[in-house]
Structures are given as C-alpha cells and as structure tokens.
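Colleague: Sequence isn't available, so here's the structure alone:
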C-alpha cells in the first residue's frame, strides 16, 4: 500500500466531502463518483473528480475497481463540455505520491481548462 499522510476512510478530507461533512462546491455526483471545484484553482475551470470508494492512489488500484475508474473517466468529457472547456482543450492530471504533488491520498483527477495551459507543468 502507498503511504497515506492524510489517512484514509474516517479522516480522509475527500471522504468527508463525499459524506458532506465538509462543504464544497459539488458540480456533479452519482452513485460512483463526485466532482467538485478545487479550493485553490490553477485555471479558470479546476475540478476534482473522485471515486466515492476510498482508493489512496494509482498504486492502490485493484482490478475490481475498474468500473469506478472507467465511469469517472467516461463522465469527465461531459463535465468538460458543461464547463465550456471541451472545444478549446483541457488538461487532466493525476498526481501519484508526495513528490508528484499528491497532498490528499484519495485518488482524484484534476480537470483544468479555460486558459492556455503551458508545458511542462510545475
């Protein structure tokens, strides 16, 4: 298992958002996932898409979780269209581990757009 500085389950920030114990600007939710606005946006549109099931990160993915993860990625284009960033382009980012910038150890995908994004990132 990968290191979990923010813990998992009961003390996980994103689990608390899913449980509505911490307020957030949720833009989409269903039985498998939640999408909400990042509190420190790095672009005009910056959403976080997370599975409802607590998965610490990419290294912890299991084959039986493929339905949750594919659903998340299949919902992502819909959110990009709804936010008006699909036509001009957008970026998706999954940070994996501390050195990559992962600060909440609940698997999440950043959806960024609404401006020209530079490469390479940070």
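Modeller: Nice, I can see it. This is a predicted model, so every value here is computed, not measured.
Colleague: show me where pLDDT drops low in the protein?
Modeller: Low-confidence segments of the chain, defined by pLDDT under 70: 1-10, 122.
Colleague: Mind giving me the packing neighbours of the longest helix along it?
Modeller: Across the chain, the helix with the greatest residue count (assigned by DSSP state H) is helix 66-82. Counting contacts by 3 or more Cβ pairs under 8 Å, 6 or more residues apart in numbering; DSSP states H and E, helix 66-82 is packed against strand 26-29, strand 33-37, strand 45-51, strand 109-113. (Glycine included, C-beta is placed from N, CA and C.)
Colleague: In which helix or strand does the closest residue to residue 13 other than its chain neighbours reside?
Modeller: Spatially, and ignoring its direct neighbours in sequence, residue 13 is nearest to residue 104 (5.2 Å; Cβ to Cβ, 6 or more residues apart in numbering). Assigned by DSSP states H and E, residue 104 belongs to no helix or strand.
Colleague: Is it correct that residue 104 is in contact with residue 16?
Modeller: No: using Cβ atoms under 8 Å, residue 104 makes no contact with residue 16, being 10.5 Å away.
Colleague: Who has more neighbours out of these two?
Modeller: residue 104 (20 against 15; other Cβ atoms under 10 Å).
Colleague: Tell me the spacing between that one and residue 41.
Modeller: To residue 41, residue 104 is 15 Å away according to Cβ to Cβ, to the nearest Å.
Colleague: Kindly report the same for residue 106.
Modeller: From residue 106 to residue 41 the distance is 19 Å (Cβ to Cβ).
Colleague: between these two, which one's more packed in?
Modeller: residue 106 (25 against 13).
Colleague: How about the secondary structure of that one?
Modeller: coil (DSSP: H, G, I helix; E, B strand; the rest coil).
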